[in-house]
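Asker: Would you be able to build a 3D model of this:
(one chain, ligands or ions: 2)
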Amino acid sequence: MSLVVQSGVSLQAYNTFGVDVAARYWAEADDDAQVRQALEAARERQVPLLVLGGGSNLLLTTDVEALVLRMASRGIQVLADDGERVEIEAEAGEPWHAFVQWTLQQGFAGLENLSLIPGTVGASPVQNIGAYGVELKDCFLGLTALDRQNGEIREFDLQDCAFAYRDSLFKRESGRWIILRVRFALNRNAPLHLDYGPVRQRLLEQGIEAPNATDVSRAICAIRSEKLPDPAVLGNAGSFFKNPLVSTELAQRLQQQYADLVAYPQADGQVKLAAGWLIEKAGWKGFRDGDAGVHRLQALVLVNYGQATGQQLLGLAQRIQVDIAERFGVRLEIEPNVL
Ligand code: FAD
Ligand code: NAP
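Answerer: Ligands and ions are numbered 1, 2, ... in the order given. Okay, here's the model as predicted:
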């Protein structure tokens, strides 16, 4: 099938903030051939190509003078299965949470802590998605990507991707690679990660002492649903800031001032601070300016109450950044891709 390119398409339904900006051109790719056609179409029209998954890690501040290509390829296949360890490949356009649920239904463990993260399989390596003590890299086997610089297909293994905290080669070389499909190594007997946040406690409250991976997924879905706004109801892009990594000296100084500081020492000697705690402590939780706001239950999440523009949301984020730097001497880095 040949690619259909439309002009002047609203992106409101395609970004979870629900910001109403337009794409100069718009297309959806179901397979590799259509991805190549989109690259050609962008070249002919002399605009850049912007790859989009579920639009859940984006803040659009202006109309997009590009050909926006939504990855819509679907398909999941088992590549290898020795009865315990399995290798799975999923196409970039597969919705992430549905994919996780599919793995659990097959009895494959490993991705349960990453339940209910919006977006697509293809975007999952971009920021090495993470939640409740597990990161994508923990189950990652490899991926296939198209190099936009020379049109070649390249295979990546774990080392090649340079995964780090909410970061990867693909985030750092933004605009170069189009991820076509991702491979995962899962295991029917993978150890469960229950020690992070309220996961174990939630399971115990439900009377589950020996949980399986599906129990863990359900508990995490329940915790997340209570705390995080559903983008279908209230526009947001999840955590708006990364948790800052600071020096031990700064963390100790802050701890002397704030006994309740939430801080996690890292293996490399740095200390991870909970950005949400800093923002809440500074009084921003529940703050609202027009339709741009800080979520009332989770200060790390900026929300769009309806008509906020990307500029207004970015303006609010910048006010928070300045305030946190002045109060705590900590620089907050924005997590979503701002365009
Ligand atoms: P998009 O927003 O469409 O794109 C994000 C970036 O990736 C863009 O730069 C885009 O160009 C690029 N991209 C997308 N697809 C491809 C591709 N196939 N090839 C190359 N580049 C591509 N994140 C976490 O890490 N942990 C969480 O727990 C988490 N919880 C969230 C909860 C909520 C309510 C929301 C709204 C977001 C949350 N996020 C979380 C952020 C977000 O869901 C993830 O980062 C997700 O992986 C983004 O996927 P997407 O398909 O929506 O990407
Ligand atoms: P939380 O449980 O209230 O914890 C607050 C912060 O403390 C988290 O951001 C987490 O850092 C850190 N933390 C908690 N327990 C920890 C531990 N045992 N060791 C090290 N660090 C710990 O967080 P939350 O907002 O409800 O989110 C729960 C999980 O989902 C977190 O992992 C979070 O990253 C993830 N999440 C991510 C997004 C996103 O858009 N990126 C959105 C929603 C939720 P980490 O963030 O480093 O894990």
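Asker: Tell me which residues touch whichever residue of the chain sits closest to ligand 2, please.
Answerer: Per C-beta to the nearest ligand atom, G238 is where the chain lies closest to ligand 2, at 2.4 Å. The way it works is simple: take the backbone N, C-alpha and C, and place the C-beta from them, glycine included. Neighbouring residues of G238 by C-beta atoms under 8 Å, 6 or more residues apart in numbering: 56-57, 117-118, 228, 301, 335-336.
Asker: Could you do F163 as well?
Answerer: Shown in contact with F163 (C-beta under 8 Å, 6+ apart): 125, 128, 135-137, 140.
Asker: give me phi/psi at it?
Answerer: The phi and psi values for F163, taken as degrees, to the nearest 10, are phi -70, psi 140.
Asker: tell me which element Q149 is part of?
Answerer: Secondary structure assignment for Q149, by DSSP states H and E: no helix or strand.
Asker: one step back: which members of the contacts of F163 are the farthest-apart pair?
Answerer: P125 and E135 (10.3 Å; C-beta to C-beta).
Asker: near ligand 2, anything from stretch 272-286?
Answerer: Yes: against ligand 2, stretch 272-286 shows contacts by C-beta under 6 Å from any ligand atom at 274, 276.
Asker: Count the residues that sit near the closest residue to N187 other than its chain neighbours.
Answerer: Excluding the flanking residues, the one nearest N187 by C-beta to C-beta, 6 or more residues apart in numbering is R85, at 5.1 Å. Residue neighbour count, defined by other C-beta atoms under 10 Å, stands at 15 for R85.
Asker: Over to S174?
Answerer: S174, neighbours per other C-beta under 10 Å, totals 11.
Asker: Spell out which parts of the protein neighbour ligand 1.
Answerer: Counting by C-beta under 6 Å from any ligand atom, the chain comes close to ligand 1 at 16, 51-58, 71, 92, 117-120, 122-124, 126-127, 129-131, 170, 174, 177-179, 228, 231, 236-238, 337.
Asker: can you give me the strands for the stretch 101-250 of the chain?
Answerer: Counting by DSSP state E, counting those that start in this stretch, the stretch 101-250 of the chain has strands at residues 130-131, 134-135, 140-147, 153-157, 177-187, 235-239, 245-246.
Asker: Do any residues in the lengthiest helix in the chain lie close to ligand 2?
Answerer: When the chain is parsed with DSSP state H, its longest helix is helix 310-328. No: shown here: helix 310-328 not in contact with ligand 2 (C-beta under 6 Å from any ligand atom), separated by at least 13.6 Å.
Asker: Buried residues, that helix. List them.
Answerer: By 16 or more other C-beta atoms under 10 Å, the buried positions in helix 310-328 come out as 310, 312-317, 320-321, 323-324, 328.
Asker: Tell me which other helices or strands the next helix or strand after that helix touches.
Answerer: Remark: after helix 310-328, the chain's next helix or strand is strand 337-338, criterion DSSP H and E. Here strand 337-338 touches strand 58-59, going by 3 or more C-beta pairs under 8 Å, 6 or more residues apart in numbering; DSSP states H and E.
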